[in-house]
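Undergrad: coords below, sequence missing:
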């Protein structure tokens, strides 16, 4: 009887892990879909490049991780989201023709950038609006992404609206992978400044 109970618990544990992995992958696909929305590039002026899309994916990953952290059920999905993004980076680099000998190093570099961004966004949200603006500017207005005219103010409003909206969603929706991101609302202010503009 003990062996049967143990086997049942093992099957349930494996089923639970599989379910969490499926939910994490579904949520990650929603992140990717949202990061491809044309308004980020046409309205917010994010650089339509590999680096610009990477930064948008990381930003949306942070939004979900931030919303998930207070609930033990959704918190268990968080690591799966990070794993899904790491797997996607590996796949994307291979599709770009990066060889096996270089793929590991490049993925580690991108994962490192991802963790720096996640940490920076977390600290920024605990501070004043200026801190969040600074982090968004560092992410989207750097020479690496060559997006000198990204509307940081618009992106800042979007981030706060997304976190507020998703945090209100019922837990059952979140664990089913049903996320609704807000629309990007056009703002007349430009967020990045260079030189004496």
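TA: Thanks, I have it. Since the model is a prediction, treat every value here as computed from it, not as a measurement.
Undergrad: what bits of the protein have low per-residue confidence?
TA: Within the chain, the set of residues satisfying pLDDT under 70 comprises 1-18, 142-149, 187-197.
Undergrad: so residue 44 is in which element?
TA: Per DSSP states H and E: residue 44 is located in neither a helix nor a strand.
Undergrad: Can you pull up the most central residue in the protein?
TA: Centroid check for the chain by Cα atoms, centre = their mean gives residue 61 as the closest residue, at 1.7 Å.
Undergrad: That one and residue 163: what is the separation?
TA: Per Cβ to Cβ, to the nearest Å, residue 61 is found 13 Å from residue 163. (Glycine included, C-beta is placed from N, CA and C.)
Undergrad: My read is that residue 171 contacts residue 72, right?
TA: No. In this structure, residue 171 is not within contact of residue 72 by Cβ atoms under 8 Å, at 9.9 Å.
Undergrad: Residue 82 and residue 186, how far apart?
TA: Using Cβ to Cβ, residue 82 is found at 32 Å from residue 186.
Undergrad: Check residue 40 too.
TA: 12 Å.
Undergrad: do residue 42 as well
TA: When residue 42 is compared with residue 186 (using Cβ to Cβ), they lie 10 Å apart.
Undergrad: same question, residue 139
TA: Taking Cβ to Cβ, one finds residue 139 at 20 Å from residue 186.
Undergrad: likewise residue 159?
TA: 16 Å.
Undergrad: More neighbours: those two, which one.
TA: residue 159 (22 against 11; other Cβ atoms under 10 Å).
Undergrad: And the next helix or strand past the helix or strand in which that one is found?
TA: Per DSSP H and E, residue 159 falls inside helix 152-167. Per DSSP H and E, the first helix or strand lying C-terminal to helix 152-167 is helix 171-175.
Undergrad: For this protein, which segments are assigned as strands?
TA: Taking DSSP state E to define them, one finds no strands in the chain.
Undergrad: show me what contacts the closest residue in space to residue 158 that isn't next to it in sequence?
TA: Distances taken as Cβ to Cβ, 6 or more residues apart in numbering put residue 184 closest to residue 158, at 5.5 Å, once the chain neighbours are dropped. Counting by Cβ atoms under 8 Å, 6 or more residues apart in numbering, residue 184 touches 37, 39-40, 43-44, 154, 158.
Undergrad: Could you dump the residues you listed into TSV with distance to residue 123 added?
TA: Below are those laid out as TSV (distance: Cβ to Cβ, whole Å):
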residue	distance to residue 123
37	27
39	27
40	23
43	27
44	22
154	21
158	19
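Undergrad: just curious, which of those is nearest to residue 98?
TA: residue 40 (25.3 Å; Cβ to Cβ).
Undergrad: I'd say the closest one and residue 57 touch.
TA: No. Contact between residue 40 and residue 57 fails when scored by Cβ under 8 Å: they sit 10.9 Å apart.
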